[in-house]
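[1] Any chance you can model this:
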Amino acid sequence: MNNHLHEQQSQEVQKDLVTFFSDSPLVGIELDLDRDKSLSRDIDL
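    Numbering: from 1, shown residues only. Now for the predicted structure:
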């Protein structure tokens, strides 16, 4: 694949992603996406 073509496609994907999020009904809502790392769980090894 041509490097210039790859860059152009990558920029288009980024623009589409930005448009997706900017058009989202969640715009302006503050979401807490931090994970609580203090919780543990049992795992079988």
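[2] Can you say which helix or strand has the residue nearest to the spatial centre of the chain in it?
    Nearest to the mean C-alpha position of the chain, counting by C-alpha atoms, centre = their mean, stands Leu17 at 8.3 Å. With secondary structure defined by DSSP states H and E, Leu17 is part of helix 3-22.
[3] can you list the weak-confidence ranges in the protein?
    Residues of the chain meeting the criterion pLDDT under 70: 1-9, 11-13.
[4] and Lys37, how many residues sit next to it?
    A total of 6 residues lie near Lys37 under the criterion other C-beta atoms under 10 Å. In short, each C-beta sits where N, CA and C put it, glycine included.
[5] Which secondary structure state does it sit in?
    Here Lys37 is coil, with the state taken from DSSP: H, G, I helix; E, B strand; the rest coil.
[6] Which residue of this structure lies farthest from its centroid?
    The C-alpha centroid of the chain is most remote from Leu45, which lies 32.0 Å away (C-alpha atoms, centre = their mean).
[7] Quick one: residues contacting that one.
    Contact criterion C-beta atoms under 8 Å, 6 or more residues apart in numbering gives no residues in contact with Leu45.
[8] And it, how close does it get to Ser22?
    Note on Leu45: its distance to Ser22, by C-beta to C-beta, to the nearest Å, is 45 Å.
[9] How about Ser40?
    The spacing between Ser40 and Ser22, counted by C-beta to C-beta, is 38 Å.
[10] thinking again about what came up before, tell me how far the residue nearest to the centre of the chain lies from Ser10.
    For Leu17, the distance to Ser10 equals 11 Å [C-beta to C-beta].
[11] Then Ser24?
    Plainly put, Ser24 is 21 Å away from Ser10 if you go by C-beta to C-beta.
[12] what's around Leu26, how many residues?
    Leu26: 8 neighbours (other C-beta under 10 Å).
[13] element containing it, please.
    Per DSSP H and E, Leu26 falls between elements, in no helix or strand.
[14] For it, list the residues it contacts.
    Leu26 makes contact with no residue, according to C-beta under 8 Å, 6+ apart.
[15] Same question for Asp23.
    Asp23 neighbours (C-beta under 8 Å, 6+ apart): none.
[16] Ok, Pro25 next?
    Going by C-beta under 8 Å, 6+ apart, Pro25 touches no other residue.
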